[in-house]
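In: Provide a 3D model corresponding to the input given below.
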Amino acid sequence: MKIWSLAVFLTANTLLASISHADEAQTMPLINEIPTEEKAFVDIINQFDKTKIVELLGEPAKADDVRIKGSDKVVASIWYYHNINTDANGTYYPTTELDFIDDKVVMVVFMNHDGSEGPENAQTNELPQSEQNQVKPGL
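Out: Got it, this is the predicted structure:
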């Protein structure tokens, strides 16, 4: 009788443990790809660290790191990918920017240009000098 009770107990315990693990698997799905549609992309991208993003999307086309002055520690990064996301109509954005703090995405920017425009190519605007906006000594 004792052996029978022990066998029933072990079987029930094993069954309950497998049900518990099945519930965990359903609440934590294994994601092997990142959606291209912009809203779905934004909803899921912050769940991944840099290593997983590189695994799923590949290396970024361009990456800029921000370091603490006098240190090699990277505290923020800006990564650029090309043609990986679509708008609601299915048209690809030329560039997607991922902004990281430490190892997590904190902002996503979809751009309608290739991302090559930087300070060296930026247009500068100057205000015309007029009598109203000149500083007059002694005032």
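In: surely residue 97 and residue 80 touch.
Out: Yes: between residue 97 and residue 80 there is a contact under CB atoms under 8 Å: 5.6 Å. In short, each C-beta sits where N, CA and C put it, glycine included.
In: how about the strands in the chain?
Out: 62-67, 74-82, 95-101, 104-111 (DSSP state E).
In: joint contacts of residue 97 and residue 80?
Out: Residues touching both residue 97 and residue 80 by CB atoms under 8 Å, 6 or more residues apart in numbering: residue 115.
In: hmm, back to that, which one of the strands of the chain lies closest to residue 38?
Out: strand 104-111 (5.9 Å; CB to CB).
In: who does that closest one touch, helix- and strand-wise?
Out: For strand 104-111, the packing partners by 3 or more CB pairs under 8 Å, 6 or more residues apart in numbering; DSSP states H and E come out as helix 38-45, strand 95-101.
In: most neighbours per residue, which of those?
Out: Each of those was scored by mean neighbour count; the highest is strand 95-101, a mean of 20, by mean count of other CB atoms under 10 Å.
In: which other helices and strands does it contact?
Out: For strand 95-101, the packing partners by 3+ CB pairs under 8 Å, 6+ apart come out as strand 74-82, strand 104-111.
In: quick one: residues in contact with the last one.
Out: Read it as strand 104-111. 38, 41-42, 45-46, 48-49, 53, 85, 87, 93-100.
In: that older thread, closest to residue 63 out of the helices and strands packed on strand 104-111?
Out: Closest among the helices and strands packed on strand 104-111, using CB to CB: strand 95-101, at 9.4 Å.
In: please save the CA atoms from that closest one in PDB.
Out: Provided in PDB are the C-alpha atoms of strand 95-101 (Å, rounded to 0.1, in the frame of the first residue of the first chain):
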ATOM      1  CA  THR A  95      16.600  54.200 -41.800                       C
ATOM      2  CA  THR A  96      15.600  53.000 -38.300                       C
ATOM      3  CA  GLU A  97      17.500  54.500 -35.400                       C
ATOM      4  CA  LEU A  98      17.800  52.600 -32.100                       C
ATOM      5  CA  ASP A  99      18.800  54.600 -29.000                       C
ATOM      6  CA  PHE A 100      20.200  52.600 -26.100                       C
ATOM      7  CA  ILE A 101      20.900  53.400 -22.500                       C
END
